[in-house]
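# Sequence first, then the predicted structure, then my questions.
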Amino acid sequence: MSQLPLQERLAILADAAKYDASCASSGTAKRTSRGGKGIGSTEGMGICHAYAPDGRCISLLKILLTNHCVFDCHYCINRKSSNVRRARFTPQEVVDLTLAFYRRNYIEGLFLSSGIVKSSNHTMEQLIEVARILREEHDFRGYIHLKTIPEADPELVRQAGLWADRVSINVELPTAAGLTRLAPDKNIATIEGAMGGVSQAIVEAKDARRHFRHAPRFAPGGQSTQMIVGADGASDTDIVTRSSLLYGRFGLRRVYYSAFSPIPDASAVLPLKRPPLLREHRLYQSDWLMRFYGFAPGEVAAAAGSDGMLPLDIDPKLAWALRFRERFPVDVNRAPREALLRVPGLGVRAVGALLAARRQRRLRLEDVGRLTVSLAKVRPFIVTADWRPTLLTDRADLRALVAPAQPDQLELFAA
Ligand code: SF4
């Protein structure tokens, strides 16, 4: 079969990579400078944005090595039985593309994933080869994120971590039953075994570098994973519990949640509709509650309804506070940090600022107002030098009083 031109293969393999959310690409408006107007474009094929370990936002060339695959995961557009146009790069072609984009200043790194061709080991070797050539032959110092194939030999997964800044292995679905039904070629024990191997290698490399300055680094950006939301029957409680387990067992840097989106030529076992995007957002907020606000997974689950689903109209922190009203109001002049972090509308930064300010003076409601987007949301849950809510938390209509008129995408992190 004759090979498609490079440009066409780039279009196919960049498009095929867009379903992977684990590089944290950000959505934006479409703009181009075609026709000589302005400069720059947000439509560059395969360019996405990610956050580097030091917090910088960087542009990545995000592509697949190939969208051929011998597996048949029902939710995946690249599955064996899917009727899509197929394409493939050689490792050298990916290297050349990366360097060409890099020299033109379009990107600062590479996010490389792949369907499985021939075997998991063969595919993994090809992915590693790209990273090796970039690092060893071109002294490439940009960011490299490699998706690793859990079924590959653990030694190959280890090699990937020696060249890449970050490695990720997708758990794909929140439950073992969902994985068995929708990804029959995959196995939860194999996936977790690979994650465990990466986690151990990261710890060992860090330890070695404490003793020997020149010991090799291993995936200094850590490992991450992705879960598809809404393709199986898993509830938000199931998902949050699973994430917490993964963070704890494998020291993951991030769990990404990707709302299942119906794909062309979809398998009949999949739902016809995608879940609301807001569901994905509520899961990210829950994830933040566990990582930065001291919430246990059981507490996030307590914010969910009896069906295990988080409310969509209010954020999970507010849902939790409304359910556990006896924990409020919290005195901003005396309460410990942990209690302040539970107050709806107060973010980590706002709480830090309140703790610093109260060393100087007794805080009033207006001091809190300067640190939050919505004082109306915070007020029923706090006590200040000049404010105490009178029976507010007992009101039957409190939810209606504090819920945003339109669910706000940034409400949890705004303060
Ligand atoms: S192994 Fe990966 S590329 Fe292949 S069908 Fe499954 S999800 Fe898609």
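The structure has been received and is ready for your questions.
# L60 sits in which helix or strand?
Element membership for L60, per DSSP states H and E: strand 57-64.
# same check, this time on Q226
Going by DSSP H and E, Q226 is in strand 223-229.
# Check which element follows that strand along the chain.
Next along from strand 223-229, by DSSP H and E: helix 236-250.
# where exactly do the helices run in the stretch 151-300 of the chain?
154-163, 176-182, 188-211, 236-250, 277-292, 297-302 (DSSP state H, counting those that start in this stretch).
# so who does F381 touch?
A321, F328, P329, V330, V343, P344, G345, P389, T393 (CB atoms under 8 Å, 6 or more residues apart in numbering). For glycine as for every other residue, the C-beta is placed from the backbone atoms N, C-alpha and C.
# Flag the helix or strand of this protein with the lowest per-element mean pLDDT.
Ranked by mean pLDDT, DSSP states H and E, the weakest helix or strand in the chain is strand 47-51, scoring a mean of 69.
# Give me the spatial nearest neighbour of I263, chain neighbours excluded.
Leaving aside its sequence neighbours, I263 sits nearest to I77 (CB to CB, 6 or more residues apart in numbering; 4.4 Å).
# whoops, L146 was the one
Nearest to L146 is A164, by CB to CB, 6+ apart, at 4.2 Å.
# where in this structure is pLDDT low?
Scanning the chain for pLDDT under 70 picks out 1-2, 21-47, 50-56, 391-394, 406-415.
# Would you mind giving the domain segments of it?
Per the record, the chain has its domains at 6-27+40-302, 316-402, by automatic domain parsing.
# re earlier: turn the contacts of F381 into TSV, columns for neighbour count, secondary structure and distance to A176.
Output for these, formatted as TSV (neighbours: other CB atoms under 10 Å; DSSP: H, G, I helix; E, B strand; the rest coil; distance: CB to CB, whole Å):
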residue	neighbour count	secondary structure	distance to A176
A321	25	helix	33
F328	19	coil	38
P329	19	coil	43
V330	19	strand	40
V343	28	coil	37
P344	25	coil	35
G345	27	coil	38
P389	16	coil	46
T393	17	helix	40
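# related to what we said a few turns ago, which positions in the strand holding L60 come out as buried?
I58, S59, L60, L61, K62, I63, L64 (16 or more other CB atoms under 10 Å).
# That one and the ligand in contact?
No - on the criterion CB under 6 Å from any ligand atom, strand 57-64 is out of touch with the ligand, staying 7.8 Å away.
# tell me which of the buried residues of strand 57-64 is nearest to V378?
Nearest to V378 out of the buried residues of strand 57-64 is I58 (CB to CB; 35.0 Å).
# of all of the stretch 151-300 of the chain, which residue lies closest to the ligand?
Relative to the ligand, the nearest point of the stretch 151-300 of the chain is A183 (6.0 Å; CB to the nearest ligand atom).
# Residue numbers of this protein in contact with the ligand?
Close to the ligand, as judged by CB under 6 Å from any ligand atom, the chain has residues C69, F71, C73, C76, N78, R79, G115, I116.
# that older thread, quick one: the residue nearest to I263 and T148, what's the gap?
20 Å (CB to CB, to the nearest Å).
# So between these two, which is more surrounded?
T148 (30 against 20; other CB atoms under 10 Å).
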